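[1] Pasted the sequence and its predicted model underneath.
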Amino acid sequence: MFKWGSTKSRGDAGEDRALQHLQQQGLTLLERNYRVAAGPGARAGEVDLIMRDPRDGTLVFVEVRTRLDGSHGGAAASVTPAKQRRLIYAARHYLLHHATPPPCRFDVVALEGGGIEWLQAAFEAGGYG
């Protein structure tokens with residue numbers, strides 16, 4: 001059974017559960033908690049999970065959001081435009097290490113109570129410089 005504790009332990013447990021769910025769907029973990037320091041005009045960024053989808057080789061940047069329930073818009077709605085910008089910033093940094101960047105997408109795994117929802121291609125990098 002999924003237990004709720006401190007915010008940090010809840011987040012860690014949510015990431016574990018999201019990782020397990022994505023691996024069951026066939027995705028492969030490449031990085032976990034990829035962090036980037038703040039840069040000029042940008043706040044620090046972190047990507048919870050970086051996965052590869054073997055079906056087409058897509059690099060998948062995953063944000064995991066854990067909420068006790070669906071109040072205040074729920075877990076998925078908590079990925080604000082500001083959070084998206086920080087994720088995109090970190091993803092671009094990660095992609096600098098690829099001579100030819102593979103296709104990529106931004107997914108969200110939303111956990112609310114005991115439920116889990118995987119939102120593929122939840123948002124795009126377009127418009128975030």
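    Great, that's in hand. Numbering: from 1, shown residues only.

[2] For the protein, which residues score under the pLDDT cut-off?
    1-11, 41-42, 68-78, 127-129 (pLDDT under 70).

[3] Which residue lies nearest the spatial centre of it?
    Centroid-nearest residue in the chain, with Cα atoms, centre = their mean: residue 63, separated by 1.7 Å.

[4] Who are the contact partners of residue 116?
    17-18, 21, 109-110 (Cβ atoms under 8 Å, 6 or more residues apart in numbering). Heads up, the C-betas are built off the backbone N, CA and C, glycines and all.

[5] So the residue nearest to the centre of the chain sits against residue 46, correct?
    No: using Cβ atoms under 8 Å, residue 63 is not in contact with residue 46, being 9.1 Å away.

[6] that older thread, in three-state terms, how would the nearest residue to the residue nearest to the centre of the chain once chain neighbours are set aside be classified?
    Using Cβ to Cβ, 6 or more residues apart in numbering and skipping the chain neighbours, the partner closest in space to residue 63 is residue 108 (5.1 Å). Here residue 108 is recorded as strand under DSSP: H, G, I helix; E, B strand; the rest coil.

[7] from what I can see residue 108 touches residue 122, true?
    Yes: applying Cβ under 8 Å, one finds residue 108 in contact with residue 122, separated by 4.1 Å.

[8] These two: which has the busier surroundings?
    Neighbour totals were compared for residue 108 and residue 122, and residue 108 leads with 26 against 18 (other Cβ atoms under 10 Å).
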